[in-house]
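1. All I have is the shape, not the residue letters:
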């Protein structure tokens with residue numbers, strides 16, 4: 001996630017749940033089982049490495065994220081094969097541009113049959129994405145504040161709000177815009193769940209199993225604690241893709257998810 005936009009909150013945005021959530025859309029976006037709640041980030045340098053990792057993970061993983069690094073190395077070409085194999089795909093685009101460009105980008109993503117894509121949590125950008133998405137388009141996730149950032153990083157970037165305050169404000173804006181879910185740290189997941197209610201998806205990166213190195217992440221949470229806080233999906237990259245036995249690492253995370261449910 002990139003830093004969130006300045007706090008351009010709508011005066012009509014409230015912490016109330018969305019009254020018009022489509023049951024069919026929520027059912028499509030909801031986790032199918034504990035394994036489905038783990039989204040493995042294919043944060044690798046090329047498609048050959050990605051395919052090798054997918055093969056090594058086998059049936060231990062059912063959901064993959066394709067983000068910036070792999071997108072610039074041909075990652076879109078992996079999507080058809082993943083879908084044929086019954087996998088779900090989170091295309092982490094982090095769209096932010098003028099309304100027309102966002103709308104056209106969402107139209108293009110509609111054709112890829114991915115489960116999720118991401119939009120920066122600017123109210124105008126979110127509204128443009130929601131208006132452009134077709135009935136069967138991807139779930140639109142609002143990117144709030146990077147899990148690699150804390151309050152001091154936000155201050156340095158010119159924001160006056162704390163990470164928690166910015167995330168909660170963005171969650172209200174995303175709800176008002178009609179987005180399908182929120183991307184935030186699991187540190188804020190319980191607060192976000194109280195704002196968005198049961199029908200919006202919460203996706204939490206910055207997940208680290210107990211004992212794993214935090215790396216460049218700052219607002220980190222274990223898999224079990226993230227689920228208990230209200231997260232629907234956990235995005236995990238390095239603790240799986242850099243493991244000596246990636247499938248073993250993935251299964252251990254799924255087991256922790258199952259224990260927390």
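-> Perfect, thanks for sending it. Being a predicted model, the structure only gives us computed values, none of them experimental.

2. quick one: average pLDDT of stretch 164-175?
-> Computed over stretch 164-175, the mean pLDDT rounds to 92.

3. Apologies, that question was intended for stretch 41-61.
-> Average pLDDT, stretch 41-61: 98.

4. Over to stretch 128-135?
-> Stretch 128-135 comes out at a mean pLDDT of 91.

5. For that stretch, list every residue counted as buried.
-> By neighbour count on 16 or more other Cβ atoms under 10 Å, the buried set for stretch 128-135 is 128-130, 132-133. Quick note: C-beta positions are derived from backbone N, CA and C, even for glycine.

6. Keep only those of those residues that are in strands.
-> Using DSSP state E, no member of these falls in strands.

7. Switch the residues you listed over to TSV; also include distance to residue 115.
-> Shown next, in TSV, are the buried residues of stretch 128-135 (distance: Cβ to Cβ, whole Å):
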residue	distance to residue 115
128	21
129	15
130	16
132	17
133	13
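
8. Those: which two are farthest apart?
-> Longest distance between any two of the buried residues of stretch 128-135 is 9.8 Å, between 128 and 133; criterion Cβ to Cβ.

9. Which residues are in contact with each of those two?
-> Taking Cβ atoms under 8 Å, 6 or more residues apart in numbering as the criterion, residue 128 and residue 133 both touch residue 106.

10. Can you get me a residue count around the closest residue to residue 120 other than its chain neighbours?
-> Spatially, and ignoring its direct neighbours in sequence, residue 120 is nearest to residue 96 (3.9 Å; Cβ to Cβ, 6 or more residues apart in numbering). Neighbour count of residue 96, defined by other Cβ atoms under 10 Å: 18.

11. can I assume residue 96 is in contact with residue 121?
-> No - with contact defined as Cβ atoms under 8 Å, residue 96 does not count as touching residue 121 (9.2 Å).

12. Next secondary structure element downstream of the lowest-mean-pLDDT helix or strand in the chain?
-> When each helix and strand of the chain is scored by mean pLDDT, DSSP states H and E, helix 23-29 comes last, with a mean of 57. On the C-terminal side of helix 23-29, the closest following helix or strand by DSSP states H and E is strand 38-41.
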